[in-house]
Each structure stands twice: as C-alpha cells, then as structure tokens.
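Engineer: No sequence on hand, only this structure:
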C-alpha cells in the first residue's frame with residue numbers, strides 16, 4: 001500500500017515563504033524543489049518504491065505546498081528511506 005511522510009516545505013531550521021505572500025505558489029514550489037535536491041544530496045536517491053515529491057495541501061488560508069516522501073509500506077527499503085528522510089534529513093540548506 002502507498003503511504004507518505006510529510007517533510008515540510010524547507011529544512012526545519014530554515015524560514016519558508018508563507019501562504020498569502022506575493023507569488024507564494026511559485027516561490028513555495030521553488031523551495032520544495034530545492035529541499036528535495038538537498039535531501040537527495042544528503043541521503044541519496046530514492047530506492048525503488050519511494051519517491052520524493054511536492055504535494056499541494058488544502059488549508060483554511062489556502063493551498064500550501066509540502067515535500068513528501070511517498071513509499072510502499074510493504075517495501076522495507078522504501079519505508080526505511082522515507083523514515084530516514086524524516087528522522088535524519090537536512091536541518092538547514094547547508095550540508
């Protein structure tokens with residue numbers, strides 16, 4: 001079964017563009033793409049059964065964007081990668 005872990009829009013110790021800011025959608029997606037690149041640089045590419053992606057999420061203030069790691073919960077390697085992204089992913093942009 002396919003599941004996912006939410007990782008946020010940017011590394012936890014970095015500021016992110018806020019919903020409602022000018023050009024939010026464009027800037028948020030750029031941040032998410034950069035975050036995915038940094039995760040891959042730090043933890044390596046996703047194994048089969050896992051995928052880093054950007055998810056649009058509904059919120060009372062509008063749509064916000066989040067980096068998620070989709071994974072096949074029946075694939076141990078994929079699940080471990082997803083949980084590793086959450087537990088040991090980059091905390092800042094700098095590695």
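Structural biologist: Right, received. Where do you want to start? Quick caveat: nothing in here was measured; it's all calculated off a predicted structure.

Engineer: pretty sure residue 70 is in a helix, no?
Structural biologist: No - the assignment for residue 70, made by DSSP: H, G, I helix; E, B strand; the rest coil, is strand rather than a helix.

Engineer: what residues are up against the residue nearest the centre of the chain?
Structural biologist: With the centre of the chain defined as its mean C-alpha position, the nearest residue by CA atoms, centre = their mean is residue 67, 2.2 Å away. With contact taken as CB atoms under 8 Å, 6 or more residues apart in numbering, residue 67 is in contact with 6, 7, 8, 9, 32, 35, 36, 39, 52, 53, 54, 55. Just so you know, the C-beta spots here come from the backbone N, C-alpha and C atoms, and that holds for glycine as well.

Engineer: Out of these, which comes closest to residue 45?
Structural biologist: In terms of CB to CB, no member of those lies closer to residue 45 than residue 52, at 8.9 Å.

Engineer: Wasn't that closest one part of a helix?
Structural biologist: No - according to three-state DSSP, residue 52 belongs to no helix; its state is strand.

Engineer: What separation is there between it and residue 18?
Structural biologist: From residue 52 over to residue 18 the distance is 23 Å, taken as CB to CB, to the nearest Å.

Engineer: Neighbour count for the two, which is higher?
Structural biologist: residue 52 (24 against 12; other CB atoms under 10 Å).

Engineer: Isn't that one up against residue 46?
Structural biologist: Yes - using CB atoms under 8 Å, residue 52 makes contact with residue 46 at a distance of 5.9 Å.

Engineer: so what sits against both of the two?
Structural biologist: Residues touching both residue 52 and residue 46 (CB under 8 Å, 6+ apart) are 40, 69.

Engineer: still on that earlier bit, assumed the residue nearest to the centre of the chain was part of a strand.
Structural biologist: Yes - inclusion of residue 67 in a strand is indicated when three-state DSSP is applied.
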